[in-house]
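[1] this one's structure only:
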């Protein structure tokens, strides 16, 4: 499989020049190991999922770590979190050399607790998500951005089925004891049918016959392992009642489509979920543009009790908010700008850009204005606009 250069690479290289350790988190199979081994080919590689290596770590962790000659890549550190304490001791006990300890981890929340306790101030923490359209034009709604799916698109269904099985058996059971994996699998499919909707935990719990706290726990698992995107509402004092619950999306449109039983492009075009899938696709592209620059994730939506709704609000450094509507159609109309303009009036000078993002046509212009101060951009040009230096100067 040909290596596709990742946008995170520059930030990762910079981090290794300023920190003794670097941790790359993110969903399974997003390309974390490939990225580290490509950028640091001379580093020793240790796969901590290997049962033999796990046995050595548990029997004598000090001897194991002292037998390592940095630089080293520890793959899937959540399988041996006790190593972090020993690495910290080595970092503190020797003259500091930068970029010697490289880690990957798929279970973000549990991993973060270990790093907070053991490696605070010693490790840079970065996120790698599946490929974005800024990295390859192969990324699309049906296939998503997982590198192995894009490399072998004909094996899409088999890959996602295997991915879910691996995810259930490894990550879910490693975090909590899910007694009924069949029900959890039904929960995943049900959540896909709520893709892009306001999160209603009771609505999810009732059909499955489980409690709301159980659903909350399952959602936390999906979010901590990088599988779903939870978009909070944007709060402002508008003098009106706002919806306060978050919206939820699957992070990868290919996985969401698979869970919805969509097998082909014609099925996707006919699907009632097309609009929601495209909306989630844009949400993921926005967040990928942020984490690939080493920034924290900042994405919001707006909806009030009077029915005014804007898909996304994105804070941009030093320039205010971008207001964004995502439309799955390839034709844009002036009426699509109405929610953006209404919210802009309420926000005043806080809003800088108003954009309607649509799917690419054969002759998409770079930018077209569908209303005063509102631009229409296809996905490719929208993602380019997200790049620093284009509109933030």
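    Here it is on my side, so go on. As the structure is a computational prediction, the values presented were derived from the model and not from experiment. Numbers count the residues shown, from 1 in each chain.
[2] Let me see the ranges of the strands in the stretch 101-250 of the chain.
    For the stretch 101-250 of the chain, applying DSSP state E, counting those that start in this stretch gives strands covering 101-105, 123-127, 197-198, 228-231, 247-250.
[3] Select, out of the ones you listed, the one closest to residue 183.
    Relative to residue 183, the nearest member of these by C-beta to C-beta is strand 228-231, separated by 17.6 Å. No exception for glycine: its C-beta is placed from N, CA and C like everyone else's.
[4] ok and the longest helix anywhere in the chain relative to strand 123-127, angle-wise?
    Criterion DSSP state H: the longest helix present in the chain is helix 274-291. Helix 274-291 runs at 160 degrees relative to strand 123-127, counting by axes from the mean of the first three to the mean of the last three C-alpha atoms, to 10 degrees.
[5] and helix 274-291, which residues are buried?
    Within helix 274-291, the residues scored as buried using 16 or more other C-beta atoms under 10 Å are 274, 276-291.
[6] Contacts for stretch 282-289, please.
    Contact partners of stretch 282-289, identified using C-beta atoms under 8 Å, 6 or more residues apart in numbering, comprise 7, 129, 132-134, 145, 229, 231, 249, 251-253, 297, 299, 311-312, 314, 324, 326, 357, 379, 382-383, 386-387.
[7] any idea how far residue 291 is from residue 231?
    Using C-beta to C-beta, to the nearest Å, residue 291 is found at 15 Å from residue 231.
[8] picking up where we left off before, now restrict the contacts of stretch 282-289 to buried residues only.
    7, 129, 132-134, 145, 229, 231, 249, 251-253, 299, 311-312, 314, 324, 326, 357, 379, 382-383, 386.
[9] What helices and strands are in contact with the helix or strand hosting residue 382?
    Using DSSP states H and E, residue 382 sits within helix 379-386. Where contact means 3 or more C-beta pairs under 8 Å, 6 or more residues apart in numbering; DSSP states H and E, helix 379-386 is packed against helix 274-291, strand 351-358.
[10] let's see 10 Å
    Here helix 379-386 touches helix 274-291, strand 320-327, strand 351-358, strand 374-378, going by 3 or more C-beta pairs under 10 Å, 6 or more residues apart in numbering; DSSP states H and E.
[11] Now the third one: average pLDDT?
    Which is strand 351-358. Strand 351-358 comes out with an average pLDDT of 90.
[12] Within its sheet, name the partner strands of that strand and how each one runs.
    As defined by DSSP bridges, the strand partners of strand 351-358 come to strand 320-327 (parallel), strand 374-378 (parallel).
[13] do you know which of the ones you listed lies nearest residue 140?
    Of all the strands paired with strand 351-358, the one in closest proximity to residue 140, counting by C-beta to C-beta, is strand 374-378 (12.9 Å).
[14] starting at the chain centroid, how far to that closest one?
    24 Å (C-alpha atoms, centre = their mean, to the nearest Å).
[15] Next, the angle helix 379-386 makes with that strand.
    Going by the same axes, to 10 degrees, strand 374-378 makes 120 degrees with helix 379-386.
[16] Buried residues in strand 374-378, which are they?
    Neighbour-count burial for strand 374-378, counted by 16+ other C-beta under 10 Å, picks out 374, 375, 376, 377, 378.
[17] Among those residues, which one lies nearest to residue 350?
    The closest of the buried residues of strand 374-378, once distances to residue 350 are taken by C-beta to C-beta, is residue 374, at 16.2 Å.
[18] contacting residues for that closest one?
    323, 325, 332, 334, 336-338, 340-341, 344, 353-356, 368 (C-beta atoms under 10 Å, 6 or more residues apart in numbering).
[19] just residue 325 next, same as before
    For residue 325, the contacting residues are 279, 282, 309-312, 332, 336-340, 354-358, 374, 376, by C-beta under 10 Å, 6+ apart.
[20] hmm, back to that, in TSV, list the strands paired with strand 351-358 along with distance to residue 53 and mean pLDDT.
    Output for the strands paired with strand 351-358, formatted as TSV (distance: least, C-beta to C-beta, whole Å; pLDDT from 0 to 100):
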stretch	distance to residue 53	mean pLDDT
strand 320-327	44	94
strand 374-378	47	92
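[21] can you redo those as CSV with distance to residue 209?
    Below are the strands paired with strand 351-358 laid out as CSV (distance: least, C-beta to C-beta, whole Å):
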stretch, distance to residue 209
strand 320-327, 34
strand 374-378, 44
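[22] To residue 192, which of the ones you listed lies closest?
    strand 320-327 (17.9 Å).
[23] ok, so of the buried residues of strand 374-378, who is nearest residue 183?
    Using C-beta to C-beta, these come closest to residue 183 at residue 378, 40.5 Å.
[24] ok, what's across the strand from the closest one?
    With DSSP bridges as the criterion, residue 378 is bridged to residue 358.
[25] How about residue 314?
    Assessed by DSSP bridges, residue 314 has beta-bridge partners residue 322.
[26] State the distance from residue 378 to residue 316.
    20 Å.
[27] and if you look at residue 43?
    36 Å.
[28] how many other residues sit next to the nearest residue to residue 252 once chain neighbours are set aside?
    Leaving aside its sequence neighbours, residue 252 sits nearest to residue 144 (C-beta to C-beta, 6 or more residues apart in numbering; 4.0 Å). By other C-beta atoms under 10 Å, the residues close to residue 144 number 25.
[29] heads up, I number from 9, so please use that
    Shifting the count to begin at 9 puts that one at residue 152.
[30] dump the residue contacts of residue 152.
    Taking C-beta under 10 Å, 6+ apart as the test, what residue 152 contacts is 138-139, 158, 164, 168, 258-266, 285, 289, 292.
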